[in-house]
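Enquirer: Sharing a model that was predicted from the sequence below.
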Amino acid sequence: MPPDGVGSIQMSHLPTMRGSAFLSAGPRLGSERVPVVAASDPRAPGGDDRSNTAIITRTKPRTKRPSLYRVLLLNDDYTPMEFVVHVVERFFNKSQEDAYQIMMHVHQNGVGECGVFTYEVAETKVTQVMDFARKHQHPLQCVMEKK
């Protein structure tokens, strides 16, 4: 252990900070280090400012972007085109023109993307569309896939 003043931090001269920035919060996801400077305690008796100052660094966690999911409508031979346009307008907040283009893409290609969302939002939209289609007795299928 090095003697006092040589590569050591004298914690007794640092101001008391409960629940402060000296503690690392959360898991270490990134390696970015943010300096936190603790100034000398003005109540400390004697000594110069340099011996009472310490620099402490803490790790700033980096959050990971959530995975995105595509919400897709699948074509079938029984669901009316007008109903598909209505579903796209209602649940995906598309204009009538955009909803019509999506419906035609589904009709011609068998599948069409209505939007890209986080997992929870995509799952909710799929459930809402499927419930709405069943309620109106249409076999419309809506699925989600990871982008």
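Expert: Structure received. Just so it is clear, the structure is predicted and the values come from calculations on it, not from any experiment.

Enquirer: longest helix anywhere in this protein?
Expert: helix 119-135 (DSSP state H).

Enquirer: Torsion angles phi and psi at His107?
Expert: phi -60, psi -40 (degrees, to the nearest 10).

Enquirer: burial count for it?
Expert: 14 (other CB atoms under 10 Å). Yep, even glycine has a C-beta here, placed from its N, CA and C like the rest.

Enquirer: Now for Lys94: which residues touch it?
Expert: Val88, Ile102, Cys114 (CB atoms under 8 Å, 6 or more residues apart in numbering).

Enquirer: Mind checking which of the residues you listed are in strands?
Expert: Members of the contacts of Lys94 lying in strands (criterion: DSSP state E): Cys114.

Enquirer: Could you dump the contacts of Lys94 into JSON lines with neighbour count, pLDDT and distance to Ala122 added?
Expert: Below are the contacts of Lys94 laid out as JSON lines (neighbours: other CB atoms under 10 Å; pLDDT from 0 to 100; distance: CB to CB, whole Å):
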{"residue": "Val88", "neighbour count": "25", "pLDDT": "98", "distance to Ala122": "15"}
{"residue": "Ile102", "neighbour count": "22", "pLDDT": "98", "distance to Ala122": "16"}
{"residue": "Cys114", "neighbour count": "26", "pLDDT": "97", "distance to Ala122": "10"}
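
Enquirer: From the contacts of Lys94, pick the one nearest Met144.
Expert: Nearest to Met144 among those: Cys114, at 9.9 Å, using CB to CB.
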